[in-house]
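Engineer: For reference, the sequence and a predicted model appear below.
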Amino acid sequence: MKNDNVIQVKNLTKKFGDFTAVDSISFEVKKGEIFGFLGANGAGKTTAMKMLIGISKPTSGSAQIADFDVYTHTEDIKKNIGYMSQKFALYDDLTVRENSTFFGGIYGLSRAQIKEKTMQLIEELNLQAVANELVGSLPLGWKQKIAFSVALLHNPKIIFLDEPTGGVDPITRRQFWEMIYKTANNGTTIFVTTHYMDEAEYCDRVSIMVNGKIEALDTPKKLKEQFKATDMNEVFLKLARG
Amino acid sequence: MKTIGYIIQKEFKQIFRNKGMLPIIFILPLLQLIILSNAATFEVQHIKFSYIDNDKTSFSRALIDKFNASAYFNVIADFSSKKEANSAMLTGDVDVILEIPHYFERNLLKNKKTTLAVTIDAIDGAAAGVENVYINQIVHDFNKNAQAVLMQPDDLKNKSKTITSIPSFWFNETLNYKTFMVPGILVLLVTMITLFLSGMNIVREKEIGTLEQINVTPIKKHQFVIGKLFPFWIIGLGLLSIGLIIAKILFNVPMVGSVGLMYLYTSIYILVILGMGLFISNFTDTQQQAMFIAWFFVVIFILMSGLFTPIESMPPWAQFLTEFNPIKYFVEVMRMVMLKGASYTDILPQLIKTFIYAIVMNGLAVWSYKKTN
């Protein structure tokens, strides 16, 4: 029987000198799941995510991403995942089309595939008018949607989103989550960090990190029951305040 | 290979879209070449000359006239006392004071011998040395004329035999300093531009965060490095081409040797510099840091390259250090090929050393670029 966990993490730890940023976390994520990875600023979310996407070596513990080991097969992991962060992701001094071509190119897509995917991206996001504009001149919400689509160009098994909706207006956030749902329905696993607790409600399962440890992990519904809270915001506050 | 192509394409687009950088890459270096080649001269001219004439005779005036007639000296002052002259030297108003003693003419006629006191501002030792030579030449010349006037016909028989050496200056017959400087300054420009551009390029991606995005892709390290550096390699060779054209047209620097050989050497040389830039990039977090480190090395490399001061006159330990200075080899090769017409075998030692240097530097650069920390 094939294991349908695309992310398997066991006792994963990252230390910087004496400081333990990520303290022995363990969890699994299933194929096609939307997994919310929550935590206050400085709780260790980003550090944990960097280990999962293969740009930071763990101190101890184990993790398999799409059946590849984070110690030995980081480059294989990278072929199978997409990554998008709030800070950047695209080149401001390239156009929408050029960004798409460049990232398609370095993921090894063929010329025809790049052309087709780029056309598709522009159509789906209704960007015909600005396809040849520099990305730097576009509003943040648009950039985030383009970055998300670019991260999906090579049909990754898992996509990691680091606060993808930070600083974006509610309408765009809504559209963004519609895109996430659509992607998950196609079988892509979504691993997302966020600070918006209403977004946590959209996730299939949610983990909450406090001081480097995962203090809670379940569906939003069960978490609310467990903490006798009316919404995720309350759950988060109860946990984060200790 | 295809992946590298996409990176190169992206880099070129970004370089040519950066309206602030373009003039810095192409126009400033050429302005520098034109200005520096004219300004950075070793010739000592317009020496501020002053004299104290205690004698005031036709002989002393004839001597001063000789200085007046010289192209190197500007006779700017005539002091009546040593004190006055000294204070002028202190303020820097004069470079040279010539003191003609009392009874200069009389002693010369009677004893056929006299002395002159010359004071030279020697803060710049090299210039002072040159000034001293010029002064001696003029005095020597004056001496000969004076002898002709003073000598009695029967003395002519006893005239001491003198040996004159006639120098012939090879490879730069007219001792034109521009011929010497232009290849050197061209070397500096190619080095500086390629080092700064490559040093700041990857660190810039670090700063804006796109490097993290690249590190999450399955791109291979060598693909990324080659794709990143290739555009600057082209720019470096482009700069060399424009520089050579200017050297030929504007400065009429002789190009005795093979242009192909210059390109062959430069294309390997630029690899060294690019590897160095990338290496710096990998160990810095901001463009500012990268700039400072690059600048530190450039200054040392330039001053120890033999461009301005001969390597032969450096202390042994410094001469040893220059073995690690890529600019030294580039300056040597350019001067050898351009001015002497050196052949492939003549520059083979430099070629081999530079090639090894390139392999080591780029090896270090690829090694130190880490996709996973």
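Structural biologist: Yes, it's here.
Engineer: In stretch B:361-372, which of the residues would be classed as buried?
Structural biologist: Of all the residues in stretch B:361-372, those buried under the rule 16 or more other C-beta atoms under 10 Å in any protein chain shown are B:Met361, B:Asn362, B:Ala365, B:Val366, B:Tyr369, B:Lys371, B:Thr372. Every residue, glycine included, has its C-beta placed from N, CA and C.
Engineer: Could you give the backbone dihedrals for the residue nearest to the third one when sequence neighbours are not counted?
Structural biologist: The shortest distance from B:Ala365 to any residue that is not its chain neighbour, by C-beta to C-beta, 6 or more residues apart in numbering or on different chains, is 3.9 Å, and that residue is B:Leu278. The phi and psi values for B:Leu278, taken as degrees, to the nearest 10, are phi -70, psi -40.
Engineer: Near B:Leu278, how many other residues are there?
Structural biologist: B:Leu278 sits with 25 neighbouring residues when counted by other C-beta atoms under 10 Å in any protein chain shown.
Engineer: Quick check: it touching B:Phe230?
Structural biologist: No - in this structure, B:Leu278 is not within contact of B:Phe230 by C-beta atoms under 8 Å, at 11.9 Å.
Engineer: now chain B, which segments are flagged as low pLDDT?
Structural biologist: Filtered on pLDDT under 70, chain B yields the residue ranges B:41-42, B:150-176.
Engineer: tell me the strands in it, going along the chain?
Structural biologist: Shown for chain B, the strands assigned by DSSP state E span residues B:47-53, B:73-79, B:96-100, B:117-120.
Engineer: Same check on chain A?
Structural biologist: So, for chain A - with DSSP E - the strands run A:5-16, A:19-30, A:34-39, A:60-65, A:68-69, A:81-85, A:158-162, A:189-193, A:205-210, A:213-218.
Engineer: Nearest to B:Gly92, out of those?
Structural biologist: Among the strands of chain A, the nearest to B:Gly92 by C-beta to C-beta is strand A:5-16 (58.6 Å).
Engineer: Just the buried positions in stretch A:18-26, please.
Structural biologist: Neighbour counts over stretch A:18-26 (16+ other C-beta under 10 Å) mark A:Thr20, A:Ala21, A:Val22, A:Asp23, A:Ile25 as buried.
Engineer: Just the closest of the residues you listed to B:Leu33, please.
Structural biologist: Closest to B:Leu33, out of all of the buried residues of stretch A:18-26 and judged by C-beta to C-beta, is A:Ala21, at 51.8 Å.
Engineer: quick one: average confidence on stretch A:207-225?
Structural biologist: For stretch A:207-225, the mean pLDDT works out to 90.
Engineer: distance between the ends of stretch A:199-218?
Structural biologist: Stretch A:199-218 has an end-to-end distance of 15 Å (criterion: C-alpha to C-alpha, to the nearest Å).
Engineer: again, but for stretch B:110-119
Structural biologist: Calculated as C-alpha to C-alpha, the first-to-last residue distance of stretch B:110-119 is 26 Å.
Engineer: Can you list the buried residues in it?
Structural biologist: Buried residues in stretch B:110-119 (16+ other C-beta under 10 Å): B:Thr114, B:Thr119.
Engineer: gap between B:His329 and B:Ala358?
Structural biologist: In this structure residue B:329 is Tyr, not His. For B:Tyr329, the distance to B:Ala358 equals 11 Å [C-beta to C-beta, to the nearest Å].
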